[in-house]
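*Asks:* Provided below are the primary sequence and the corresponding predicted coordinates.
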Amino acid sequence: MKITELYIYLLYITVIICTILFFVKEHYIIAGLLLLGNSLPGYAMAISLMEKNEN
Amino acid sequence: MINEHIYRRFNHTVAACFVIYFLFPQYILGINRGYYLFLFWVLILAIEYLRLNKELNVLGMREYEKKRLASFVWFASGTCIILGMYEIGAFPQSLAIATIIMAAYTDPAIGEANKKFGDKGGMIAGLACSFLIFQIILGTLFYSILGSIIAVIAEKPKLKWFDDDLAIQIFPITILTILSLIEGAPSLPQNVLEESL
């Protein structure tokens, strides 16, 4: 399970790095799509992770 | 326990990040980036081989995926095919980017809407989501409308030997590319990203 958690954090890092790279290269539309599309499932995933850690 | 349903959805949407490939330089450490793409695909197949042989436990798998190829393999294969075809000049960059992002978001959108509003709701959500992404990236109404219809139709059939995660990528991009080559068809932007890292 620890590996899965690390993998989930890696997913977050991937989204953040990709968004920043597109933003830096002034491809704002792609950067925006990556951020917006992942925000809702990312938020839900974070809630699930927090609940798991509380238990 | 981690919510496996949300985990699956998040994995799916993160797949949109595959478009970072287009920012990579053509040669990395003197090796063409196409070879790295092939290596990545082999890695995915190796993980799936271990999973099917019960040597690796992968979270978020559906019940029916226990004895058949998992959806992440289908999705990654579809994306690798698109990127490979782009490398040999078969698919335009604009369509490759639009299709990968569209597939990453539309499939979960259809799934969620199906659950909440039924089949019709799922279809409408799929059409809206894919149309929006095609339109934002391509900016051509003709390809956006057609692409979204093809994507939703491709996603619909549930076949054992051909997953919707592959179909939702391959069918729209192939049909739209062929259409764009026909004389008199509306012009399609070829490149949306000019600069690499």
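*Replies:* The structure has been received and is ready for your questions.
*Asks:* Which helix or strand contains residue 10?
*Replies:* I'll assume chain A. Using DSSP states H and E, residue A:10 sits in helix A:2-24.
*Asks:* Correction: the question concerned chain B.
*Replies:* helix B:4-14.
*Asks:* ok so, going back, report all helices and strands that the helix holding residue A:10 contacts.
*Replies:* helix A:28-54, helix B:4-14 (3 or more Cβ pairs under 8 Å, 6 or more residues apart in numbering or on different chains; DSSP states H and E). Glycine gets a C-beta too; all of them are placed from N, C-alpha and C.
*Asks:* so which of these comes closest to residue B:147?
*Replies:* helix A:28-54 (15.2 Å; Cβ to Cβ).
*Asks:* Touching the helix holding residue B:10 from outside, list them.
*Replies:* Residues outside helix B:4-14 that contact it (Cβ atoms under 8 Å, 6 or more residues apart in numbering or on different chains) are A:4, A:8, A:11, A:14-15, A:37-38, A:41-42, A:44-45, A:48, B:59-60, B:72, B:75, B:104-105, B:107-108, B:111-112.
*Asks:* For the residue positioned nearest the centre of chain A, give me its contacts.
*Replies:* Geometric centre of chain A, nearest residue: residue A:12, 3.0 Å, by Cα atoms, centre = their mean. Residue A:12 makes contact with residue A:42 under the criterion Cβ under 8 Å, 6+ apart.
*Asks:* could you turn the helix holding residue B:10 into PDB, dropping everything but the C-alphas?
*Replies:* Taking Å, rounded to 0.1, in the frame of the first residue of the first chain, the C-alpha atoms of helix B:4-14 are listed here in PDB:
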ATOM      1  CA  GLU B   4     -10.200   2.400  -6.000                       C
ATOM      2  CA  HIS B   5     -12.800   4.000  -8.100                       C
ATOM      3  CA  ILE B   6     -11.300   7.500  -7.600                       C
ATOM      4  CA  TYR B   7      -7.800   6.000  -8.000                       C
ATOM      5  CA  ARG B   8      -8.800   4.600 -11.400                       C
ATOM      6  CA  ARG B   9     -10.300   7.900 -12.500                       C
ATOM      7  CA  PHE B  10      -7.300   9.900 -11.400                       C
ATOM      8  CA  ASN B  11      -4.900   7.500 -13.300                       C
ATOM      9  CA  HIS B  12      -7.000   8.000 -16.400                       C
ATOM     10  CA  THR B  13      -7.000  11.800 -16.300                       C
ATOM     11  CA  VAL B  14      -3.300  12.000 -15.500                       C
END
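*Asks:* Give the buried residues for it.
*Replies:* B:6-14 (16 or more other Cβ atoms under 10 Å in any protein chain shown).
*Asks:* returning to what we had before: pLDDT (mean, whole number) over the helix holding residue A:10?
*Replies:* What helix A:2-24 shows for mean pLDDT is 95.
*Asks:* Next: stretch B:33-52.
*Replies:* Here the average pLDDT along stretch B:33-52 is 96.
*Asks:* which residues touch residue 28?
*Replies:* In the absence of a named chain, this looks at chain A. Counting by Cβ under 8 Å, 6+ apart, residue A:28 touches residue A:22.
*Asks:* nope, chain B
*Replies:* residue B:36.
*Asks:* Can you give me the distance of it to residue A:27?
*Replies:* 20 Å (Cβ to Cβ, to the nearest Å).
*Asks:* before we move on, what about residue B:15?
*Replies:* In this view, residue B:15 and residue A:27 are 18 Å apart by Cβ to Cβ.
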